[in-house]
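[1] Need coordinates for the below:
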Amino acid sequence: MLKEGQKAPDFSLDDDLGQKVSLKDFKGKTVVLYFYPKDMTPGCTQEACDFRDHWGAAQKKGAVVLGVSADPVKRHQAFKGKYKLPFPLLSDEGKKMLRDYGVWKKKKFMGREFMGIVRTTLLIGKDGKIRKIWSPVSVKNHVLDVLENL
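    Next up, the predicted model:
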């Protein structure tokens with residue numbers, strides 16, 4: 001797992017429009033990078049909608065919001081459209097970035113073990129260094145906590 005104060009690893013992933021997005025594209029901006037398990041699931045939908053509902057406040061503080069999961073671009077398009085999400089959703093089907101950021105881990109649910117994304121948010125400063133890490137994230141009031149730290 002990455003640590004606060006470390007330089008955030010660069011990445012290049014397709015967004016929900018199929019366009020390449022890299023961390024370096026946001027040099028000089030504060031980035032809220034949130035990792036979530038799966039589009040269209042209850043907790044992930046709530047988290048995305050919370051970021052949507054507070055997107056204006058994040059923008060006023062000069063922050064960019066990026067969501068990341070292993071879902072394919074087409075699923076991101078449907079998720080983004082259905083919930084009118086105003087920020088990019090990045091697709092890491094190959095799970096390289098998820099591993100680089102230490103969020104692809106063994107999980108347990110109802111007695112079975114499997115590999116999956118641990119819900120995590122990173123606040124990356126204008127200098128490209130990780131200012132804060134929330135992991136694992138509890139969705140309720142999480143966005144408000146992120147906003148307080150911008």
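[2] Neighbouring strands of the host helix or strand of residue 123 in the sheet, and parallel or not?
    If you go by DSSP states H and E, residue 123 is part of strand 120-124. In the sheet, strand 120-124 lines up against strand 30-35 (antiparallel), strand 130-134 (antiparallel) (DSSP bridges).
[3] Mind checking what helix or strand follows the longest one in sequence?
    Past strand 30-35, heading to the C-terminal end, the next element that is a helix or strand (DSSP H and E) is helix 42-53.
[4] Can you pull out the residues in contact with the next helix or strand after that following helix?
    Going down the chain from helix 42-53, the next helix or strand is helix 55-60, by DSSP H and E. Contacts made with helix 55-60 from outside it, assessed by CB atoms under 8 Å, 6 or more residues apart in numbering, are listed as 32, 51, 64-65, 86-87, 146-147, 150. Glycine gets a C-beta too; all of them are placed from N, C-alpha and C.
[5] buried ones in helix 55-60?
    Using 16 or more other CB atoms under 10 Å as the burial criterion, the residues of helix 55-60 that qualify are 55, 58.
[6] hang on, the earlier thing: which one of the strands paired with strand 120-124 lies nearest to residue 22?
    strand 30-35 (11.2 Å; CB to CB).
[7] What angle do helix 42-53 and the closest one make with each other?
    160 degrees (axes from the mean of the first three to the mean of the last three CA atoms, to 10 degrees).
[8] which other residues reach strand 30-35?
    8, 23, 47, 51, 58, 61-69, 98, 101, 103, 117-126, 131, 137, 146, 150.
[9] what's the strand holding residue 123 in contact with?
    Contacts for strand 120-124 (CB under 8 Å, 6+ apart): 2, 8, 23, 30-35, 101, 103, 130-137, 142, 146, 149-150.
[10] go on, stretch 70-82?
    14-18, 38-40, 45, 48, 69, 85, 89-93, 95, 98, 117.
[11] relative to its centroid, which residue of the protein is most remote?
    Seen from the C-alpha centroid of the chain, the residue lying at the greatest distance (CA atoms, centre = their mean) is residue 111, 26.8 Å away.
[12] Could you pull up the mean pLDDT of stretch 72-89?
    Average pLDDT, stretch 72-89: 98.
[13] All set, thanks.
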